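Next one to model:
(2 chains)
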Amino acid sequence: DQQVKQNSPSLSVQEGRISILNCDYTNSMFDYFLWYKKYPAEGPTFLISISSIKDKNEDGRFTVFLNKSAKHLSLHIVPSQPGDSAVYFCAASALTGNQFYFGTGTSLTVIP
Amino acid sequence: EAQVTQNPRYLITVTGKKLTVTCSQNMNHEYMSWYRQDPGLGLRQIYYSMNVEVTDKGDVPEGYKVSRKEKRNFPLILESPSPNQTSLYFCASRRSPAGATGNTIYFGEGSWLTVV
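As a prediction, the model looks like this:
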């Protein structure tokens, strides 16, 4: 059973606008979350993370929001750029755990 | 440069012919793992290793074997490949087994495997 879900397989956004990618999880033991970005023919690369002691973490154009009560996190990209076009995976783990669980990915297309 | 290197990057093989995908990391990481990526299923963990000689099954271990004889290497072995193992495989490593803050996963570039 998928413990981390990304319900939107794809998203298209105009350049300069905000991209919002969503992720839901079911396991209440998860307390550390990451977002990865993947270009075709490359491995996923780390983008941003958040632990459950925070509800927001920001790094430049990228902000991750965590709503623990809803078991939901989102990645905001502002402003979106064509180079952001990629597949984005969210992942979750328990801080004391030794496995990360990944979502199915959302393919973001930023239209120039 | 911090790297996870896996080989081969692309392989077409026939059903039943044993193959090994190698993985090596140069970051002295304790933890290594293998994932497969399939359409609509995301990244699923096959096996992981918390240190030398310590391995454990992930979510989809059937049909695969691994070994961890040295800290830097973690090969994935398909003893008798079948067409349902056609997939994109990623090796990954991170500093320590626990998912502590800042303990980022580093991925290799992926190995496309087709079993006919």
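
ok, now which ones touch the nearest residue to B:Gly58 once chain neighbours are set aside?
Sequence neighbours aside, B:Gln45 is the residue nearest to B:Gly58 in space, at 3.1 Å (criterion: Cβ to Cβ, 6 or more residues apart in numbering or on different chains). For the C-beta atoms, the positions are set from N, CA and C on the backbone; glycine is no exception. Neighbouring residues of B:Gln45 by Cβ atoms under 8 Å, 6 or more residues apart in numbering or on different chains: A:99-101, B:33-35, B:58-60.

does A:His72 really touch A:Ile20, like I thought?
No - checked against Cβ atoms under 8 Å, the pair A:His72 and A:Ile20 is beyond contact range at 11.7 Å.

Settle it for me: which of the two has more neighbours?
Applying other Cβ atoms under 10 Å in any protein chain shown to A:His72 and A:Ile20 shows that A:Ile20 carries more neighbours, namely 17 against 14.

Show me what the more buried one bridges to in the sheet.
Beta-bridge pairing for A:Ile20 (DSSP bridges): A:His76.

So which residues of chain A form strands?
A:4-5, A:10-14, A:19-25, A:32-38, A:45-51, A:56-59, A:62-67, A:72-77, A:86-93, A:101-102, A:106-111 (DSSP state E).

same thing with chain B?
Under DSSP E, chain B gives strands at B:4-7, B:10-13, B:19-25, B:31-38, B:42-51, B:54-57, B:65-66, B:76-78, B:87-94, B:106-107, B:111-115.

Tell me which of those strands approaches A:Asp84 most closely.
Nearest to A:Asp84 among the strands of chain B is strand B:106-107 (18.6 Å), distances taken as Cβ to Cβ.

Direction included, what does that closest one pair against?
Short version: by DSSP bridges, strand B:106-107 pairs with strand B:87-94 (antiparallel).

Please tabulate the strands of chain A in TSV, including the columns mean pLDDT.
Output for those, formatted as TSV (pLDDT from 0 to 100):
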stretch	mean pLDDT
strand A:4-5	93
strand A:10-14	97
strand A:19-25	97
strand A:32-38	94
strand A:45-51	92
strand A:56-59	96
strand A:62-67	97
strand A:72-77	98
strand A:86-93	94
strand A:101-102	92
strand A:106-111	97
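
returning to that earlier point: show me which of the contacts of B:Gln45 are buried.
Buried members of the contacts of B:Gln45, counted by 16 or more other Cβ atoms under 10 Å in any protein chain shown: A:99-101, B:33-35, B:58, B:60.

Quick one: neighbours of residue 19, just the number.
Here I'm looking at chain A. Neighbour tally, A:Ser19, other Cβ under 10 Å: 24.

actually chain B
Neighbour count of B:Leu19, defined by other Cβ under 10 Å: 17.

Looking at strand pairing, list the partners for it.
B:Leu78.

Wait, it touches B:Leu78, no?
Yes - using Cβ under 8 Å, B:Leu19 is in contact with B:Leu78, at 5.2 Å.
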